[in-house]
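S.K.: with the input below, show me the fold.
(one chain, ligands or ions: 1)
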Amino acid sequence: MAALDWPEIDTVLLDMDGTLLDLHYDNHFWLEHLPQRYAQLRGVSVEQALGAMAALFDEHAGTLNWYCLDFWTTTLGVPVLELKRETAERIRLRPGALEFLHALKAAGKQVVMITNAHPDTLALKLERIALAPWFDRLISSHQYGFPKEHPGFWQALAADVAFTPARSLFIDDTLPILRSARTFGIGHLLAVRSPDSAKPDKQTEEFEAVIDYAALHPRL
Ligand SMILES: [Mg+2]
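M.R.: All right, here's what the predicted structure looks like:
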């Protein structure tokens, strides 16, 4: 991984799930826990639950609905936030993420979380992991009405936060989101090699990826 040119970077934009937090919690919840609990609560088989959800997942991937707890609670007819709390002990930091945030703060960078997580999911995660003190702003894309995949998100961000896109670093584990940020003009982009600790490494195509946060720390 090439070293970052820290003097050229004023603002660091960070995704949450799969970037700072282990994506294992989310993958386990959506692909295992929710189908099982849905099957129990709705009196159907797990296979039927998985089938119904797979069709909905395909239809809404990459949209704000995909990330919206209210949408899933209404569409599935089960209390998704309550069910999320049942596995909250799986919410974990990725290795080195906290030390990286500490180093960014010490180096005086503006640090902004930009997440597609619903505000209630964000709140649940912040209850478990004390991330908030390390950020100048915590932004859920639901506040803007567009997911990060959409150009409207970046326009809303630019209107809300003072930052220079060309002098900003953005780290996110979702490649279509990195492409959206690149189109907007974010100058420094990194993917994540291992967003889910329970899965093999991810191919990050045209993007360089964070392998170890310790190798990224800004020099003071
Ligand atoms: Mg992510």
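
S.K.: which non-adjacent residue is nearest Pro79?
M.R.: Leaving aside its chain neighbours, Pro79 sits nearest to Thr73 (6.1 Å; criterion: Cβ to Cβ, 6 or more residues apart in numbering). For glycine as for every other residue, the C-beta is placed from the backbone atoms N, C-alpha and C.

S.K.: contacts only, for the one you found.
M.R.: Neighbouring residues of Thr73 by Cβ atoms under 8 Å, 6 or more residues apart in numbering: Pro79, Val80, Leu81.

S.K.: how about whichever strand or helix holds the last one: buried residues?
M.R.: Take DSSP states H and E as the rule and Leu81 turns out to sit in helix 80-85. Buried residues in helix 80-85, counted by 16 or more other Cβ atoms under 10 Å: Val80, Leu83, Lys84.

S.K.: same for the helix or strand following it, what does it pack against?
M.R.: Scanning forward in sequence from helix 80-85 by DSSP H and E, the next helix or strand is helix 97-106. Judged by 3 or more Cβ pairs under 8 Å, 6 or more residues apart in numbering; DSSP states H and E, helix 97-106 is in contact with strand 110-115.

S.K.: so how far is the strand it packs on off the chain centroid?
M.R.: Computed by Cα atoms, centre = their mean, to the nearest Å, the chain-centroid distance of strand 110-115 equals 11 Å.

S.K.: do whichever helix or strand comes after it and the ion meet at all?
M.R.: Where DSSP H and E defines the elements, the next helix or strand beyond strand 110-115 is helix 119-128. No - between helix 119-128 and the ion, judged by Cβ under 5 Å from the ion, nothing touches; the nearest distance is 11.9 Å.

S.K.: report the distance from helix 119-128 to the chain centre.
M.R.: With Cα atoms, centre = their mean, you get 12 Å for helix 119-128.

S.K.: for the helix or strand following that helix, packing partners?
M.R.: Once the chain leaves helix 119-128, the next helix or strand it forms, by DSSP H and E, is strand 137-140. Other helices and strands packing on strand 137-140, by 3+ Cβ pairs under 8 Å, 6+ apart, are strand 110-115, helix 119-128.

S.K.: who does the first one pair up with?
M.R.: Going back to what we said before, that points to strand 110-115. strand 11-14 (parallel), strand 137-140 (parallel) (DSSP bridges).

S.K.: winner for burial among these?
M.R.: Neighbour counts (mean count of other Cβ atoms under 10 Å) averaged over each of those peak at strand 11-14, with a mean of 24.

S.K.: list of residues touching that strand?
M.R.: The contact list for strand 11-14 (Cβ under 8 Å, 6+ apart) reads 20, 104, 109-114, 163-164, 167-171, 181, 186.

S.K.: try stretch 20-37
M.R.: Outside stretch 20-37, the residues within contact range by Cβ under 8 Å, 6+ apart are 14, 17-18, 46, 49-50, 53, 57, 76, 78, 80, 83-84, 86-87, 90-94, 97, 101, 113, 125, 129, 131, 173, 195-199.
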